[in-house]
Structure formats: structure tokens, C-alpha cells
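A.B. asks: sequence plus the predicted model coming up.
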Amino acid sequence: MLLSEVDSKRMLLEAGINATATELARTKDEAVAISERLGYPVVLKIVSSDVAHKSDAGGVKLKLQTQGEVAEAYDAILESIRAKYPQAGIQGMSVQKMARPGLEVIIGMYEDKQFGPVLMFGLGGVWVELMKDVSFKLTPMTRQDASDMIKEIKGYALLKGFRGSEPADTSYLEEMILKVAQLVEQKPQIKELDLNPVFAYRDGAIAVDARIIVAD
């Protein structure tokens, strides 16, 4: 069963994994009210288990600055999704405060039938599909394992700061990887997990999108 982004992030936050606070809006008025409470700018995303690639389907709107922009984005997302996925079940929209951009990485997990939970780390966003620059480790994990995962990817130079770019807080990323490993060990019903992207900063990191699949 695929959890919604809202439920996935709630699970992450309960496990001490930094993620953008995200709330479910079932109506346009709810989306506006949540946006006012969270503070602008905000992001709206479609919540539907029938829509795999939200951005490609027009199901994501970024940098919304006013009530009017949120209301307009809500209608535009619904129109786009209903045109491309007319049979999709729509639960509503997730509303989250816009995070400041950072270096995009991915932390993931899948369950191997023979070896159990396998953790993944690599460059995130569109890069994970284009470059496939990722490393893998089995659980249980040590701090050294997490450190090795980060250093094994080809893009490690980007994390250290490449040609004047801001370096990433690799110690914080190690902590995130370890907390994800602990989460999947404590909750064996989790069969697959993707935090993509995670924005990595000089002083921390935050998961801005999350996808968790649990056993029915």
C-alpha cells in the first residue's frame, strides 16, 4: 500500500527524520487556510495513488506567494490531473512550506527477498534517473557504513563543495541515513521508501518529498 506524502512525512518526523511539515487539503478553501497558517511561499502537490510522476502530470505548483495564487494553482492541478488521469482517485492536495534550495540527494530503501532491507544513497532529483549515481548497504548499519555510502558515489565531490559551491553537511546526512535504517528495522511493514529529493545544506538537510510503501 502506497502511503500519501502527508502520511509518509508524518512517519518520518515521528522517527526524528527532518522533513517539510505537510498537511492535506481536501478543498480549495482548506488549501488557502493551510497556506496562511504555514506561511508563504508554499508548494501544492496532488495526492493520488494513481499518479506516479506528479510533476510530469502537472500535479505540482511551486513558489505560491498569495491566497489567489494558491486558489489558482489548486484549480490548475485538478484540471491537469483529470485531463491526463481521468480515472484517478484524488484525495486532495498536500500543502507544504517551500524549502530553500540545496544540493539534491536521495535516501532510499527497498526490501530484498534474500538479504532484507537495503539502503540506498546518491544524487537525487532528476539526477537519480539520469546518472544512476547511487550506493547500497545492508542493514543493520553503523556510522562508518553511512559514511562509506556517501563517499562511494561519483558525485561525492559535489557534496564537498565543487568549484565554490556550498558543501553539504555530510555528518548530518550520515545521521539521516542511520535514522532511516533504524526506522525500517523498527517497522518491518515498510517495503520501500524514497526520500527524493533531500535538500542538503551546509548546516543540515531536509526531505522535501517522500514516498513509502507498506505491506497491506
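C.D. replies: Cool, the structure landed. As the structure is a computational prediction, the values presented were derived from the model and not from experiment.

A.B. asks: for the rest of this, base every contact and every neighbour count on C-alpha atoms.
C.D. replies: OK.

A.B. asks: packing partners of the strand ranked longest in the chain?
C.D. replies: Longest among the strand segments of the chain by residue count, using DSSP state E, is strand 190-201. Helices and strands touching strand 190-201, by 3 or more Cα pairs under 8 Å, 6 or more residues apart in numbering; DSSP states H and E, are strand 103-112, strand 204-207, strand 210-214.

A.B. asks: mind giving me CSV with the ones you listed and columns for mean neighbour count, mean pLDDT and distance to residue 140?
C.D. replies: Output for those, formatted as CSV (neighbours: other Cα atoms under 10 Å; pLDDT from 0 to 100; distance: least, Cα to Cα, whole Å):
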stretch, mean neighbour count, mean pLDDT, distance to residue 140
strand 103-112, 21, 95, 12
strand 204-207, 22, 98, 22
strand 210-214, 19, 95, 19
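
A.B. asks: dump those strands to JSON lines, plus distance to residue 5.
C.D. replies: Shown next, in JSON lines, are the helices and strands packed on strand 190-201 (distance: least, Cα to Cα, whole Å):
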{"stretch": "strand 103-112", "distance to residue 5": "15"}
{"stretch": "strand 204-207", "distance to residue 5": "11"}
{"stretch": "strand 210-214", "distance to residue 5": "6"}
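
A.B. asks: for residue 166, which of those strands is the nearest?
C.D. replies: Across those, residue 166 has its closest neighbour in strand 103-112 (8.4 Å, Cα to Cα).

A.B. asks: after the lowest-mean-pLDDT helix or strand in the chain, next one along is what?
C.D. replies: For the chain, using mean pLDDT, DSSP states H and E, the weakest element among its helices and strands is helix 127-130, scoring a mean of 66. Downstream of helix 127-130, the next assigned helix or strand under DSSP states H and E is strand 134-138.

A.B. asks: how far does that next one sit from the chain's center?
C.D. replies: 18 Å (Cα atoms, centre = their mean, to the nearest Å).
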